[in-house]
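K.L.:
Here's a sequence, model it:
(one chain, ligands or ions: 1)
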Amino acid sequence: MPCTFTPAFCRIDLAALRRNFRRLGPAEELMPVIKSDAYGHGLLPVAAALADAGALRFAVGTASEGLALRRAGFGQEIVPLMGCLTPEDWRVAVASGLTPLIAGFDDIAAAAAAARACGAGVLPVALKCDSGMGRLGFTPDEAPELVARLRAHPVLAPRFALSHLSSVDMPDEDAYTDMQAGRFARFLEALRDIFPGILPSLGNSAATLGPARAQSGICRPGLALYGGNPFTGTEREPLGHGLEWAMSVAAPILAVHPLRAGESLSYGRIFTAPKDMRVAVVAAGYATGYARALSGRVSLLVRGRRAPQVGRVCMSMLMLDVSELPDVAAGDLAWVLGGPAEPGQRPVDAQELAQLLDTIPYEVLCLMGGLNPRVYA
Ligand SMILES: *Cc1c(COP(=O)(O)O)cnc(C)c1O
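P.N.:
Residues are numbered from 1 along each chain as shown. This is a model prediction of the structure:
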């Protein structure tokens, strides 16, 4: 449940999500990433859409997200990318038939104990390699020790070898990506003698779409599923063409009123009307994920055309200059992301907002999706 009740809302286009998934390749080669409530798009509806499109596996963040999927009836393989933190997490992972992450030596005994306690037979696990992200996992040098310890626990059945690329969306960093792929290959080599069926999984969205695909095994795209192009602004940008944003966000206009030349509006009076204007008050603000730092920096789509946002963004309201849009009235929708555009007009997208905020579209999607009620189309 979103944590605020607000007239602003997110509209999630599940058909676009399914098209993005299919565009990323055959289902056998993919493990779509639906962590963090599917990047703000909603865990269960997104999982259902991807299952419809043929998804065989899911990567989630936590064991409890995996449990939520099982309770909703999903039978796919599920890997929680953050691993299991507590004995309860391990119990949930085993009892729910997840494929838990083994990312450190302590995880081996914990996983084996949970598998035995559950009497569930052999437990499939995902072995995490740190190939250069510096986050979770075993280094390639630790692989022989890992193999030896796993052989002492035949209840654990390594199913995946996982690693994560830090900069594959940056063509200038290709050498680092190659280095990571090399380290992962070394890790895999050490495991394959003993666990010949283990499936490698390295790539994220950028690897799925780009030249690193060849070394990526089963790809774990996140951003691209939701329509984001990880190569935006690089020479590889065309590789992400055709992806469609699944999230749009709209809020109703509460009122339209005149603002006379010389009058100011909103907190701090950062905007003063240079001429007689018409202003629309929109029910969106930083409490609904529209960052205050965007004040006066973006225009939103109303009736298919862009209207400049003016003055400070408030908690749940912001103002637009609709002087050029004489038909705009209370009750009309202002589109914070997406929405229908007239020819020659471009909807706002998460990439545009991210650029202005010096962040990445992931953050915009998580915040907008998490703070607004969602409707599905
Ligand atoms: C989030 C995440 C992904 C997906 O990354 P995108 O850039 O969104 O495609 C893949 N693997 C791991 C381990 C992740 O944490």
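K.L.:
can you give me the strands for the stretch 1-150 of the chain?
P.N.:
Secondary structure of the stretch 1-150 of the chain by DSSP state E, counting those that start in this stretch: the strands cover 9-12, 57-60, 77-80, 101-102, 123-128.
K.L.:
What are the contacting residues of the shortest one?
P.N.:
What that stands for is strand 101-102. Where contact means Cβ atoms under 8 Å, 6 or more residues apart in numbering, the residues beyond strand 101-102 that reach it are 79-84, 107-108, 111, 125-128, 136, 156, 158, 162. To be clear about C-beta, it is placed using only N, CA and C from the backbone, and glycine gets the same treatment.
K.L.:
what subset of the residues you listed is also close to the ligand?
P.N.:
Filtering the contacts of strand 101-102 for proximity to the ligand (criterion: Cβ under 6 Å from any ligand atom) leaves Leu81.
K.L.:
Please tabulate the strands of the stretch 1-150 of the chain in a markdown table, including the columns mean pLDDT and mean neighbour count.
P.N.:
What follows is the strands of the stretch 1-150 of the chain, written out as a markdown table (pLDDT from 0 to 100; neighbours: other Cβ atoms under 10 Å):
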| stretch | mean pLDDT | mean neighbour count |
| --- | --- | --- |
| strand 9-12 | 97 | 22 |
| strand 57-60 | 98 | 25 |
| strand 77-80 | 98 | 24 |
| strand 101-102 | 98 | 26 |
| strand 123-128 | 98 | 24 |
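K.L.:
Could you say which one of the ones you listed comes nearest to Ala207?
P.N.:
In this view, the strands of the stretch 1-150 of the chain are compared for proximity to Ala207 by Cβ to Cβ, and strand 57-60 is the closest at 13.8 Å.
K.L.:
With distance to Thr288 as new columns, can the strands of the stretch 1-150 of the chain be given to me in CSV?
P.N.:
Listed next are those as CSV, based on distance: least, Cβ to Cβ, whole Å:
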stretch, distance to Thr288
strand 9-12, 9
strand 57-60, 26
strand 77-80, 29
strand 101-102, 34
strand 123-128, 36
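K.L.:
among those, which is nearest Ile270?
P.N.:
Going by Cβ to Cβ, the one of the strands of the stretch 1-150 of the chain nearest Ile270 is strand 9-12, 27.8 Å.
K.L.:
Tell me the strands beside the closest one, with direction?
P.N.:
Strand pairing for strand 9-12, using DSSP bridges, gives strand 247-259 (antiparallel), strand 374-376 (parallel).
K.L.:
Mind listing residues that contact that strand?
P.N.:
40-42, 45-46, 246-251, 338, 368-369, 372-377.
K.L.:
Return the residues of the chain in contact with the ligand.
P.N.:
Val33, Lys35, Leu81, His164, Asn204, Ser205, Arg220, Pro221, Gly222, Leu223, Pro230.
K.L.:
now stretch 158-172: mean pLDDT?
P.N.:
Averaging pLDDT along stretch 158-172 yields 98.
K.L.:
Tell me the buried residues in that stretch?
P.N.:
158-170 (16 or more other Cβ atoms under 10 Å).
K.L.:
Among the residues you listed, name the ones in strands.
P.N.:
Using DSSP state E, Pro158, Arg159, Phe160, Ala161, Leu162 are the members of those that sit in strands.
K.L.:
Help me confirm that the last one comes into contact with Thr99.
P.N.:
No. Taking Cβ atoms under 8 Å as the definition, Leu162 is not a contact partner of Thr99, at 10.0 Å.
K.L.:
which residues are in contact with both of these two?
P.N.:
With Cβ under 8 Å, 6+ apart as the test, Leu162 and Thr99 both reach Val79, Ala126.
K.L.:
Check this structure for the residue nearest the ligand and tell me.
P.N.:
Residue nearest to the ligand within the chain: Gly222 (2.5 Å; Cβ to the nearest ligand atom).
K.L.:
My guess is that residue contacts Asn204. True?
P.N.:
Yes. Assessed by Cβ under 8 Å, Gly222 is found in contact with Asn204 at 6.6 Å.
K.L.:
What's the mean pLDDT across the one helix or strand Leu353 maps to?
P.N.:
Using DSSP states H and E, Leu353 sits in helix 350-356. For helix 350-356, the mean per-residue pLDDT is 97.
K.L.:
Who are the packing partners of that helix?
P.N.:
Contact partners of helix 350-356 among helices and strands, from 3 or more Cβ pairs under 8 Å, 6 or more residues apart in numbering; DSSP states H and E: helix 361-371.
K.L.:
Kindly state the pLDDT recorded for the most centrally placed residue in the chain?
P.N.:
Centroid-nearest residue in the chain, with Cα atoms, centre = their mean: Tyr39, separated by 3.3 Å. Here the pLDDT value assigned to Tyr39 is 98.
K.L.:
before we move on, what about the one 5 residues further on?
P.N.:
The pLDDT attached to Leu44 in the predicted structure is 98.
K.L.:
Likewise for Pro2?
P.N.:
At Pro2, the pLDDT recorded in the model is 47.
K.L.:
residues contacting the nearest residue to Met31 once chain neighbours are set aside?
P.N.:
Leaving aside its chain neighbours, Met31 sits nearest to Arg57 (4.2 Å; criterion: Cβ to Cβ, 6 or more residues apart in numbering). If you count contacts by Cβ under 8 Å, 6+ apart, Arg57 has them with Leu30, Met31, Pro32, Gln76, Glu77, Ile78, Val79, Ile218.
K.L.:
Quickly note the distance from Arg292 to Leu318.
P.N.:
Separation of Arg292 from Leu318 (Cβ to Cβ, to the nearest Å): 9 Å.
K.L.:
Please identify which of those two sits among more neighbours.
P.N.:
Between Arg292 and Leu318, counting by other Cβ atoms under 10 Å, Leu318 is the more crowded of the two (30 against 13).
K.L.:
pretty sure the more buried one is touching Ala291, no?
P.N.:
No. With contact defined as Cβ under 8 Å, Leu318 does not count as touching Ala291 (10.7 Å).
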